[in-house]
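**Q** got a predicted structure plus its sequence, pasted below:
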Amino acid sequence: MSDFEEEVKDRPVVLKPEKQHVKTPREIWNERYASVRTLKPKARFLTAFNANVDAVVFIDHAQLESVVSSLSPDELAHAEKRIADGKTGEIRDRADFVGVLLHCMNEGKGMNFKAEKNVFEWFEKVFQSKERRMGGQAGIVANQLAELGLKVTAYCGLLSPEQAKFFDKRVCFPLVKGRNLVCTNAKNAARKEDATKTNWIFEFHRGQSIKVSSHRVITAPRANRLIVTMPLHYHPLFPNEYERVLPKLAQSNDVAFLAGYQSIIQAPAGEKPERVLKHAAAQIRLLKRNKKLMTHFEYVEPGDEKNRKFLLKTIATEADSIGVNEVELLDILKALGCEKEAKAIEKHENSHTVYLGCERVMKKLDMKRVHLHNFGFHILLLKKPFDNPEKARDALVFSALVACVKAKEGTRYVTLKGLKKAEFQISETGVNQLNAFEGGIDEERKKRHSSFERKWLLREGIFDLGDHFAIIIPTPIVQNPQSTVGLGDTVSSIALAIEKS
């Protein structure tokens, strides 16, 4: 052995430490999504007032091309005008329908329109719906929550025997018997005199294109849907005989998920929507005698400015919480006269401009909670005092995961077992929007966020903003979803189901 070998043989071996991997925000959020899969919502829900049957059409290129080519030159010119101004008026004929559908595709936005009876007759002749399923916010939410094992009570403005077949057997329908509330299933609660409201859902996919004319091609930037609603009226009210027992009904629930007030635009001639909405607001006050009950209003634009303003003035100001998408947020801001916030979103829609819009809505309507669901991210504003923003954040994550599975698989209802098997990846869009939100908030501060603060905020998604918390989460994006209808209702309700458990 050489002198050198003798010298070094007993020296300790010093290994160069490996560079520790620093997790990216995307990796951290992927782990958070994986961790919430074991959560089990336990809140008790009351859902009301709208349920209908959805006829779903996954419109393909051949169908779309055939419908567009069938239009006369005058009809095509009319359709092109509606592409540019898609939100004006109801759908009266096939040219109107084509214009509105192509407007939705061009914007990549989900929209709702009412239509005249002849339009539905034309649908039946031209389109083959792939399936008929439960529709309406209250109906979809009731079935999905029941599938997740929650105790659900539902009341619907229209509950025909045909409609009753679409309800989960586990959903309870309250009937008034003397001075008591009796729980039964949808079949026993059905009213033979009620009609069945059937809406048509036209789903389009990302990248879907159609040549409208020699100088115009429409391409959808993202998957979404057009909902065409049947002109069939129902009252968004509990019957008068229920009013005596509404406080008792409230005592047996943690959340009242209230939707379907947009039906006021279809009120019979001579009936004043204002009177109906004032009555509805009085019923919400009866429910709110239970101080622990969270009343949530899932918003859908009612179709005209006068009714929109009155709807917000009566129902929204009574509710504790509101759920909206980005299109509905703009409608509300404009109705409330918040032009500055609306114009900022229209000029540059991102998480920060959308947040400023939500904050304005919260203050204008004096709400405790505003939940906005958008492409790639969700924002939740919670008025203080609020004890557990981390739980509310995880509730958002859980709800977004359910929506991801629903969109990806096209399943009617997501199960807890299905969630455990879910495969997902947080989108770069969502992470970028989280960065945009933090950057926008930071610019408003006198003292900028430190590097440590910035990293913490991007990891946690919870911002303490004085009189409220703002929570933003990135979401998975399903590039070619099997279905998009009902996703907003799903995330609104399930976030509350975890938050209030």
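**A** Looks like it arrived, so ask away.

**Q** average model confidence for stretch 478-495?
**A** For stretch 478-495, the mean pLDDT works out to 87.

**Q** low-confidence ranges in this protein?
**A** For the chain, the stretches with pLDDT under 70 are 1-20, 86-88, 130, 269.

**Q** which helices and strands sit right next to the helix or strand where residue 26 lies?
**A** Assessed by DSSP states H and E, residue 26 sits inside helix 25-35. Helices and strands touching helix 25-35, by 3 or more CB pairs under 8 Å, 6 or more residues apart in numbering; DSSP states H and E, are helix 389-409, helix 428-444, helix 451-460, strand 468-474. Placement of C-beta: from N, CA and C, glycine included.

**Q** nearest to residue 141, of those?
**A** Nearest to residue 141 among the helices and strands packed on helix 25-35 is helix 389-409 (11.5 Å), distances taken as CB to CB.

**Q** residue 115 against residue 226, yeah?
**A** No: using CB atoms under 8 Å, residue 115 is not in contact with residue 226, being 10.5 Å away.

**Q** between those two, who's got more neighbours?
**A** Neighbours per residue (other CB atoms under 10 Å) separate residue 115 from residue 226, with residue 226 holding more: 26 against 22.

**Q** each with direction, which strands does the helix or strand where that one lies pair with?
**A** Here residue 226 sits within strand 224-229, counting by DSSP H and E. Strand 224-229 pairs in its sheet with strand 111-114 (parallel), strand 198-204 (antiparallel), by DSSP bridges.

**Q** how many neighbours does residue 27 have?
**A** 12.

**Q** follow-up on the earlier one: need the helices and strands packed on helix 25-35 in CSV (columns: mean neighbour count and distance to residue 210).
**A** CSV is the format used below for the helices and strands packed on helix 25-35 (neighbours: other CB atoms under 10 Å; distance: least, CB to CB, whole Å):
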stretch, mean neighbour count, distance to residue 210
helix 389-409, 23, 23
helix 428-444, 18, 25
helix 451-460, 14, 40
strand 468-474, 23, 31
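
**Q** show me the one of those that comes nearest residue 377.
**A** That would be helix 428-444 among the helices and strands packed on helix 25-35, by CB to CB, at 4.3 Å.

**Q** and that closest one with helix 389-409, angle?
**A** Angle between the axes of helix 428-444 and helix 389-409 is 150 degrees (criterion: axes from the mean of the first three to the mean of the last three CA atoms, to 10 degrees).

**Q** tell me which residues touch residue 432, please.
**A** With contacts defined as CB atoms under 8 Å, 6 or more residues apart in numbering, residue 432 is in contact with no residue.

**Q** hmm, who's touching stretch 168-183?
**A** Stretch 168-183 has contacts (CB under 8 Å, 6+ apart) with 142-143, 146-147, 151-155, 159, 184-186, 188-189, 239, 241-242, 244-245, 248-249.

**Q** mind listing the helices for the stretch 1-150 of the chain?
**A** For the stretch 1-150 of the chain, the helices defined by DSSP state H, counting those that start in this stretch cover 3-8, 25-35, 61-69, 73-84, 94-107, 117-126, 137-147.

**Q** packing partners for the fourth one?
**A** Counting contacts by 3+ CB pairs under 8 Å, 6+ apart, helix 73-84 is packed against helix 94-107, strand 209-213.

**Q** most tightly packed of those?
**A** helix 94-107 (a mean of 23; mean count of other CB atoms under 10 Å).

**Q** that one to helix 61-69, inter-axis angle?
**A** Using the same axes, to 10 degrees: helix 94-107 against helix 61-69 is 130 degrees.

**Q** which other residues reach helix 94-107?
**A** If you take CB under 8 Å, 6+ apart as the criterion, helix 94-107 is touched by 59, 64, 67-68, 70-71, 75-76, 78-87, 89-91, 110-111, 113, 115, 119, 122, 202, 204, 208, 210, 212, 218-221, 224-226, 228.

**Q** could you find the closest non-adjacent residue to residue 264?
**A** Setting aside the residues directly before and after it, residue 264 is nearest to residue 273 in space (CB to CB, 6 or more residues apart in numbering), at 4.0 Å.

**Q** could you check how many residues crowd around the one you found?
**A** For residue 273, using other CB under 10 Å, the count is 20.

**Q** which among the contacts of stretch 168-183 count as buried?
**A** Using 16 or more other CB atoms under 10 Å as the burial test, the contacts of stretch 168-183 include 142-143, 146-147, 151-155, 159, 186, 189, 242, 245, 249 as buried.

**Q** give me the subset of the residues you listed lying in strands.
**A** Using DSSP state E, the subset of the buried ones among the contacts of stretch 168-183 located in strands is 152, 153, 154.

**Q** the second one and residue 47 touch, don't they?
**A** Yes: checked against CB under 8 Å, the pair residue 153 and residue 47 is within contact range at 7.4 Å.

**Q** tell me the contacts of the residue lying closest to residue 99 once chain neighbours are set aside?
**A** Nearest residue to residue 99 in three dimensions, chain neighbours excluded: residue 82, at 2.6 Å (CB to CB, 6+ apart). When contacts are counted by CB under 8 Å, 6+ apart, residue 82 touches 88, 95, 96, 98, 99, 100, 102, 103.

**Q** so residue 295, which state does it fall into?
**A** At residue 295 the chain is in strand, as set by DSSP: H, G, I helix; E, B strand; the rest coil.

**Q** quick one on the thing from earlier: for the ones in strands among the buried ones among the contacts of stretch 168-183, which one is nearest residue 430?
**A** Set against residue 430, the nearest of those by CB to CB is residue 152 (30.0 Å).

**Q** of the contacts of helix 94-107, select the buried ones using a PyMOL command.
**A** In PyMOL, this line selects whichever of the contacts of helix 94-107 come out buried by 16+ other CB under 10 Å:
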select buried, resi 59+64+67+68+71+75+76+78+79+80+82+83+86+90+91+110+111+113+115+119+202+204+208+210+212+218+220+224+225+226+228
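
**Q** could I get stretch 256-263 in PDB with only the CA atoms?
**A** Taking C-alpha atoms only, stretch 256-263 is exported to PDB below (Å, rounded to 0.1, in the frame of the first residue of the first chain):
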ATOM      1  CA  ALA A 256     -80.700  26.700   1.500                       C
ATOM      2  CA  PHE A 257     -79.600  26.600  -2.100                       C
ATOM      3  CA  LEU A 258     -82.100  28.800  -3.900                       C
ATOM      4  CA  ALA A 259     -82.300  29.100  -7.700                       C
ATOM      5  CA  GLY A 260     -84.800  29.500 -10.500                       C
ATOM      6  CA  TYR A 261     -85.800  33.100  -9.900                       C
ATOM      7  CA  GLN A 262     -85.200  33.900 -13.600                       C
ATOM      8  CA  SER A 263     -88.600  32.400 -14.300                       C
END
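
**Q** host element of the residue minimising distance to the centre of the chain?
**A** Among the residues of the chain, residue 488 comes closest to the average C-alpha position under CA atoms, centre = their mean, at 1.4 Å. Using DSSP H and E, residue 488 sits in helix 487-499.

**Q** from the contact counts, what lies against that helix?
**A** Judged by 3+ CB pairs under 8 Å, 6+ apart, the packing partners of helix 487-499 are strand 45-48, helix 137-147, strand 255-258, strand 294-298, strand 321-325, strand 369-374, strand 377-383, helix 389-409.

**Q** give me the angle between that helix and helix 389-409.
**A** Angle, helix 487-499 to helix 389-409, by the same axes, to 10 degrees: 140 degrees.

**Q** contacting residues around helix 487-499?
**A** Helix 487-499 has contacts (CB under 8 Å, 6+ apart) with 39, 41-43, 45, 47, 110, 137, 140-141, 144-145, 148, 150, 255, 257, 259, 294, 296, 298, 321, 323, 325, 371, 373, 378, 380, 391-392, 394-396, 398-400, 402-403, 406-407.
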